[in-house]
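Visitor: make a model of this:
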Amino acid sequence: MHSGGAVGTGARIGSGVRWIPPLRASGSLQMAIDEELLDAAVAAGERARPVLRLYQWRRPTLSLGFHQRAIEPVWSAQALEGRLDLVRRPSGGRAVLHGGDLTYALIWPAPGLPRMMAYRRACLWLQEVFAELGQPLQFGDHRPTSVASSCFALATAADLIHPGGSKRIGSAQLWRRGHLLQHGSIQLAPSGSLWRLLFDEAPPGLPALPIDTPGLMARLADAAEALWGGLESQPLTPQERRAAWARRDRYRLPLETGSASAAGTSPLPSMPRAT
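Guide: Predicted coordinates for the structure are as follows:
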C-alpha cells in the first residue's frame, strides 16, 4: 500500500478527484474519451473536478503527437498490413508505441502553473510509487527536438527516467482555456521486434518490475488518493460514452496506398482543435 511519503501542499491536484475505472479499448476511442473529459472540464469552469484514469490499448497502436505532421513509410505500411493502428493524440509530443505499456490521463482544471511546474506536480504520484518499488525515477534533461520521431528516443524535462538513463515514462500535455490534459505512457514490456521495425532502434532497456500490471495500477491509485485527497470512483456515464464514440473517427490517421507513402514521409492532415 501507499507509504504516505511527505509531499508539500502545493502538490495537491484537488480534493475528491474523479477516478474512472480502467478500460481497454481502441486508441481512437481512448483519445476521444480524454478530450471529451477535457472539454467537459472547460465547460464546467470553476465547477470542474480533476479526473484521473489508467487504461490499456486493445491492440498495438502508434499514437502521434498533435503537432507531429509527418508519417514514416514503415508506419503506414505496418498499419496497412494490420500489425498496428495509427492514431493522433490531442496532446503534444512524439510517436509512442502502445500495447506493452500502461497509459494515464489526468484532467487538471485550472492548475494556474507554468507548464514545467505542472509536469512536475502531476508526476509526483508516479515517482512515489516507483520509489516504493525500489526504482526511483527522475526527470530527463534533454531539450525537446523535432528530429526524433519516437517519444522514447530522448528524455526531456517532461519525462521520467531511471538513474541509468532508461526512459520509463513519457508525458505530454494539452492546455485548453487554462485547463490541462496530461497524457503519459508507462512502458512495461515494449515489443522489441515491432519497436525496432518502427523506430530503427531498440526499446529502452528497463529493469523488470517486482509487481504485475494490476498490482501496479492498484499502487498508482493508492498513491493518487493519498496525494490528492481522495479518489471517487465514477465510471463513464452513458452520455460521455456516446459523445466519445461520436468523435472517435477524428483521431484515426488515414493511410496512403499510393506512391507518396513509399517515396518518403507523408504529411498528416490537420485535425481541428477547439480553443
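Visitor: now do the same contact list for the residue nearest to A155 when sequence neighbours are not counted.
Guide: Using C-beta to C-beta, 6 or more residues apart in numbering and skipping residues adjacent in sequence, the residue nearest A155 is G140, 2.7 Å away. C-beta here means a position set from N, CA and C on the backbone, and glycine is covered the same way. Neighbouring residues of G140 by C-beta atoms under 8 Å, 6 or more residues apart in numbering: 154-161, 167.
Visitor: which one of those residues sits closest to S91?
Guide: Using C-beta to C-beta, A158 comes nearest to S91 of those, at 10.6 Å.
Visitor: got phi/psi on that closest one?
Guide: phi -90, psi 0 (degrees, to the nearest 10).
Visitor: please report how far the closest residue to A41 other than its chain neighbours lies from R248.
Guide: The shortest distance from A41 to any non-neighbouring residue, by C-beta to C-beta, 6+ apart, is to A48 (3.9 Å). A48 sits 23 Å away from R248, taking C-beta to C-beta, to the nearest Å as the criterion.
Visitor: again, but for L80
Guide: On the measure of C-beta to C-beta, L80 and R248 end up 20 Å apart.
Visitor: who does the longest helix seen in the chain touch, helix- and strand-wise?
Guide: Longest among the helix segments of the chain by residue count, using DSSP state H, is helix 27-44. Contact here means 3 or more C-beta pairs under 8 Å, 6 or more residues apart in numbering; DSSP states H and E; on that basis helix 27-44 packs against strand 17-25, strand 51-57, strand 61-64, strand 85-88, strand 101-108, strand 167-176, strand 179-187, helix 238-247.
Visitor: show me the contacts for A44.
Guide: P109.
Visitor: now do it against A32, distance only.
Guide: 19 Å.
Visitor: cool, and L231?
Guide: 23 Å.
Visitor: before we move on, what about L52?
Guide: 18 Å.
Visitor: likewise for A157?
Guide: A157 sits 29 Å away from A32, going by C-beta to C-beta.
Visitor: show me which of those two is the more surrounded one.
Guide: A32 (25 against 14; other C-beta atoms under 10 Å).
Visitor: of the helices and strands packed on helix 27-44, which approaches V74 most closely?
Guide: The nearest among the helices and strands packed on helix 27-44, by C-beta to C-beta, is strand 61-64 at 10.2 Å.
Visitor: next structured bit after that closest one?
Guide: strand 70-71 (DSSP states H and E).
Visitor: check contacts around R115.
Guide: 173, 175.
Visitor: now Q138
Guide: 160-161, 163.
Visitor: quick one: pLDDT of it?
Guide: Looking at Q138, its pLDDT reads 94.
Visitor: try the one 5 residues further on
Guide: Model confidence at R143, given as pLDDT, is 55.
Visitor: hmm, D159 is touching Q127, no?
Guide: No: with contact defined as C-beta atoms under 8 Å, D159 does not count as touching Q127 (11.9 Å).
Visitor: which residue packs closest to A122, ignoring adjacent ones?
Guide: Closest residue to A122 apart from its sequence neighbours, by C-beta to C-beta, 6+ apart: Q182 at 5.1 Å.
Visitor: gap between stretch 242-253 and the chain center?
Guide: Mean-position distance between stretch 242-253 and its chain equals 17 Å (C-alpha atoms, centre = their mean, to the nearest Å).
Visitor: just use 33 as the starting number from now, easier for me
Guide: In the new count, where the first residue is 33, that last one comes out as stretch 274-285.
Visitor: which strand residues bridge the closest residue to Q266 other than its chain neighbours?
Guide: Take Q266 and drop its neighbours on the chain: the residue closest to it by C-beta to C-beta, 6+ apart is R50, 5.1 Å away. As for beta bridges, R50 partners with V83, E264 under DSSP bridges.
Visitor: ok, now how distant is R50 from P267?
Guide: R50 is 10 Å from P267, by C-beta to C-beta.
Visitor: more neighbours: which of these two?
Guide: R50 (18 against 13).
Visitor: residues contacting that one?
Guide: 81-84, 263-264, 266.
Visitor: per-residue confidence at the closest residue to Y87 other than its chain neighbours?
Guide: Ranked by C-beta to C-beta, 6+ apart and with sequence neighbours excluded, the top spatial neighbour of Y87 is L55, at 5.0 Å. With respect to pLDDT, L55 has a value of 93.
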